[in-house]
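Q: Turn this into a structure:
(2 chains)
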There are 2 protein chains.
Amino acid sequence: MEKIRIGIVGYGNLGKGVELAARQCSDMEVVGVFTRRSPESLSTVFENTPVYHTDDALNMQNDIDVMILCGGSATDLPRQTPYFAKYFNTVDSFDTHAKIPEYFASVNASASESKHVSIISVGWDPGLFSINRLYSQSIIPNGQTYTFWGKGVSQGHSDAIRRISGVVDARQYTVPVEEAVEAVRMGDQPQLTTRQKHTRLCYVVAENGADKERIEREIVTMPNYFADYDTTVNFISMEEMERDHKALPHGGFVIRSGVTGKNQETKQIIEFSLKLGSNPEFTSSVLVAYARGAYKMYRQGSFGAKTVFDVPPASISPLTDEEIRKELL
Amino acid sequence: MEKIRIGIVGYGNLGKGVELAARQCSDMEVVGVFTRRSPESLSTVFENTPVYHTDDALNMQNDIDVMILCGGSATDLPRQTPYFAKYFNTVDSFDTHAKIPEYFASVNASASESKHVSIISVGWDPGLFSINRLYSQSIIPNGQTYTFWGKGVSQGHSDAIRRISGVVDARQYTVPVEEAVEAVRMGDQPQLTTRQKHTRLCYVVAENGADKERIEREIVTMPNYFADYDTTVNFISMEEMERDHKALPHGGFVIRSGVTGKNQETKQIIEFSLKLGSNPEFTSSVLVAYARGAYKMYRQGSFGAKTVFDVPPASISPLTDEEIRKELL
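A: Numbers count the residues shown, from 1 in each chain, chains lettered A, B, ... in the order given. Below is the predicted model:
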């Protein structure tokens, strides 16, 4: 079998996850990791994974079927994706929601002109959660969709706490409110405020002698991040942080609660949920599956920027159409 | 806005559900119900829905964008779908699993030649459950997928009981075993026998003076239907049957339990579940959404037989690509 040849651009948690996830797929091969650092300085999960400087990527257009772009949404991807889409099929996890239309347009211009496929905003939210919002609302138009996140680590909120003076380290868990989830599952279609949907649970390591009352006050009153939530702050030692909060679990629920029937008398509930031991390992598993989708759509000549909404489910499977009809339908 | 013009072939629970579901969609219009009975004899959910004889359908090729075929899988669809696919785009809920490859081939021959789109085996299983099996196994290749059905009424099992001598009416509920579902959700990847996954709960109205012990024995020992399950039989009155068992609820779970990481040390759980007040009303809501998909794929010139695996999620939405990227991604 001819393997799909993958390049990995950027090597943080997500890039490592892609290296791991591709190894699970017998139809995939990692050609190399591309880094802006010195390639010698980088140690990969698997010893035999080649490392190149990002500048060398353009010489490898014939060796790579899909580039998986593992940079951040704030500064890396808006610059990198339109560039790489000129030379490669790409997949990325761009998640700055408000900027998606603008980002899509810019990537689409590159990929369409170069006749490549670029699937943007892949992962679980945006990604699988988005697909479930779309399917469930299209099927049950009369209803409401609820998205709950957690219990899981929010990197953005953890970083926000770390920027407070006197904080050495911090981990913030987003926690869905159990009663709200249950009310939605019962088909009640409640109107829920931000505060009623999630709470925020923080573990903070403070500097010796730091004013913990001030730190707590700065956290719980922080606009956008915490002010609209019920927030609990726990101060712990660095040892406890290392021992109990190293993993990056996450997950959540998309629940569509709607009605059918002549008098809207029949409740119908659709729920999709994730319970993830590692957020980056899962997100990168989704990226790798969609790299297969990008490759298949490229072979079919369907060029330009795409989202998960545009990719037929069959495209992300390693099986043939005959196999999936026989085994999975 | 130009509406998508729907025809409904067959008018049992599913056909009625399609009439109801299309009414929820502002971009849909039911042109008519087609029946083999005398059209005057049929009374529709909405008074103003036109009723025609099936023989008149061929004169209405220019009036109908998609025919939704609501007949049964045993004898209606294998005959009807290849026929209607010569003249119309079609959507159906064919669910005889073992015969899907043969059915697909026969429908594909018709639809390809006539340049129409026929989406087969649409509903929730086969249908949404199939999509979730495909997505989750493609994303987490190292794992196991579990499908549980219920709690809900199985028409096939209810019918099987009704065929026993001395039985006036019967309703059979398929019930997933709570402990099995919980073990799967914990990521244990248990090996489960048929008996360990579901129980069967039967409500039976017996004739006056019938031998209830014999009826119960005939039920619980019935091969294929009950012999491999723990089955409970409750005898009830016709009044209780009418009062408590008129609805056709159903639902179930598709759970993918898998692992990622260098040493397969990270548990990842993906779950999709349905809690349906009415199985036929939900199934027909899925059919109507995929009628939209058939229409869009037809306009794009993507002819032939399709399954839900081939239909991009965006195709079943009434929203534009720009709207879904902005609102749902």
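
Q: Next, count neighbours for residue A:48.
A: Residues contacting residue A:48 under the criterion other CB atoms under 10 Å in any protein chain shown number 6. In short, each C-beta sits where N, CA and C put it, glycine included.

Q: Can you classify it as helix, strand or coil?
A: coil (DSSP: H, G, I helix; E, B strand; the rest coil).

Q: same check, this time on residue A:275
A: Residue A:275 ends up strand, using three-state DSSP.

Q: Verify the contact between it and residue A:251 for me.
A: Yes: at 4.6 Å, residue A:275 counts as touching residue A:251 under the criterion of CB atoms under 8 Å.

Q: Now do the shared contacts for those two.
A: Shared contacts of residue A:275 and residue A:251, defined by CB atoms under 8 Å, 6 or more residues apart in numbering or on different chains, are not found at any residue.

Q: any idea whether residue A:222 is helix, strand or coil?
A: When the rule is three-state DSSP, residue A:222 gets the label coil.

Q: That one reaches residue A:163, doesn't it?
A: No: the pair residue A:222 / residue A:163 is not scored as a contact, 9.7 Å apart, by CB under 8 Å.

Q: Those two: which is more packed in?
A: In terms of neighbours (other CB under 10 Å), residue A:222 is the more surrounded of residue A:222 and residue A:163; the figures are 17 against 10.

Q: now the more buried one, nearest residue through space, not along the chain?
A: Take residue A:222 and drop its neighbours on the chain: the residue closest to it by CB to CB, 6 or more residues apart in numbering or on different chains is residue A:160, 6.4 Å away.

Q: same check, this time on residue A:128
A: That would be residue A:286: by CB to CB, 6+ apart, it lies 6.6 Å from residue A:128.

Q: so which strand or helix has that neighbour?
A: helix A:279-299 (DSSP states H and E).

Q: Go ahead and produce CSV holding the CA coordinates of that helix.
A: This file holds the C-alpha atoms of helix A:279-299, laid out as CSV (Å, rounded to 0.1, in the frame of the first residue of the first chain):
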residue,chain,number,x,y,z
ASN,A,279,-6.7,17.2,24.8
PRO,A,280,-3.6,17.7,22.5
GLU,A,281,-3.3,14.0,21.7
PHE,A,282,-7.0,13.9,20.7
THR,A,283,-6.9,17.1,18.7
SER,A,284,-3.9,15.8,16.8
SER,A,285,-5.7,12.5,16.1
VAL,A,286,-8.5,14.5,14.5
LEU,A,287,-5.9,16.5,12.4
VAL,A,288,-4.3,13.2,11.2
ALA,A,289,-7.7,11.8,10.1
TYR,A,290,-8.5,15.0,8.2
ALA,A,291,-5.0,14.9,6.6
ARG,A,292,-6.3,11.7,5.0
GLY,A,293,-9.4,13.7,3.9
ALA,A,294,-7.3,16.5,2.4
TYR,A,295,-5.3,13.9,0.5
LYS,A,296,-8.4,12.2,-0.9
MET,A,297,-10.1,15.5,-1.9
TYR,A,298,-6.9,16.6,-3.6
ARG,A,299,-6.8,13.4,-5.6
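
Q: mean confidence for whatever helix or strand comes next after that helix?
A: Downstream of helix A:279-299, the first helix or strand assigned by DSSP H and E is strand A:304-306. Averaged across strand A:304-306, pLDDT comes to 98.

Q: Against which helices or strands is strand A:304-306 packed?
A: With contacts defined as 3 or more CB pairs under 8 Å, 6 or more residues apart in numbering or on different chains; DSSP states H and E, strand A:304-306 has these neighbours: helix A:100-114, strand A:117-119.

Q: How about the contacts made by residue A:130?
A: Neighbours of residue A:130 in contact, by CB under 8 Å, 6+ apart: A:121, A:307, A:308, A:309, B:328, B:329.

Q: same deal with residue A:261?
A: Contacts of residue A:261 by CB under 8 Å, 6+ apart are B:20, B:277, B:278, B:281.

Q: Would you agree the first one is in contact with residue A:263?
A: No: counting by CB under 8 Å, residue B:20 stays clear of residue A:263, with 10.0 Å between them.

Q: between these two, who's got more neighbours?
A: residue B:20 (23 against 6).

Q: Need the per-residue pLDDT for the more buried one.
A: Reported pLDDT for residue B:20: 98.

Q: And residue A:287, by the same measure?
A: 98.

Q: could you measure it against residue A:30, distance?
A: 12 Å (CB to CB, to the nearest Å).

Q: neighbour-wise, which of the two wins?
A: Neighbour count, other CB under 10 Å: between residue A:287 and residue A:30, residue A:287 has more, with 30 against 25.

Q: Next up, the contacts around that one.
A: A:14, A:17, A:18, A:21, A:68, A:70, A:91, A:92, A:93, A:122, A:123.

Q: How about residue A:317: what's its closest non-neighbour residue?
A: That would be residue B:138: by CB to CB, 6+ apart, it lies 4.6 Å from residue A:317.

Q: To clarify, my last question referred to residue A:252.
A: That would be residue A:149: by CB to CB, 6+ apart, it lies 4.1 Å from residue A:252.

Q: ditto for residue A:121
A: In space, residue A:121 is closest to residue A:94, 4.9 Å off (CB to CB, 6+ apart).

Q: who touches that neighbour in this structure?
A: So residue A:94 contacts A:73, A:77, A:78, A:81, A:100, A:103, A:120, A:121, A:126 (CB under 8 Å, 6+ apart).

Q: hang on, the second one in a helix?
A: Yes: counting by three-state DSSP, one finds residue A:77 located in a helix.

Q: I'd like the distance between it and chain B.
A: 15 Å (CB to the nearest CB, to the nearest Å).

Q: Verify the contact between that residue and residue A:95 for me.
A: No: the criterion here is CB under 8 Å, and residue A:77 misses it with residue A:95 at 9.1 Å.

Q: Below-threshold pLDDT in chain A: ranges please.
A: For chain A, applying pLDDT under 70 flags no range at all.

Q: Identify the residue nearest the geometric centre of it.
A: residue A:123 (3.6 Å; CA atoms, centre = their mean).
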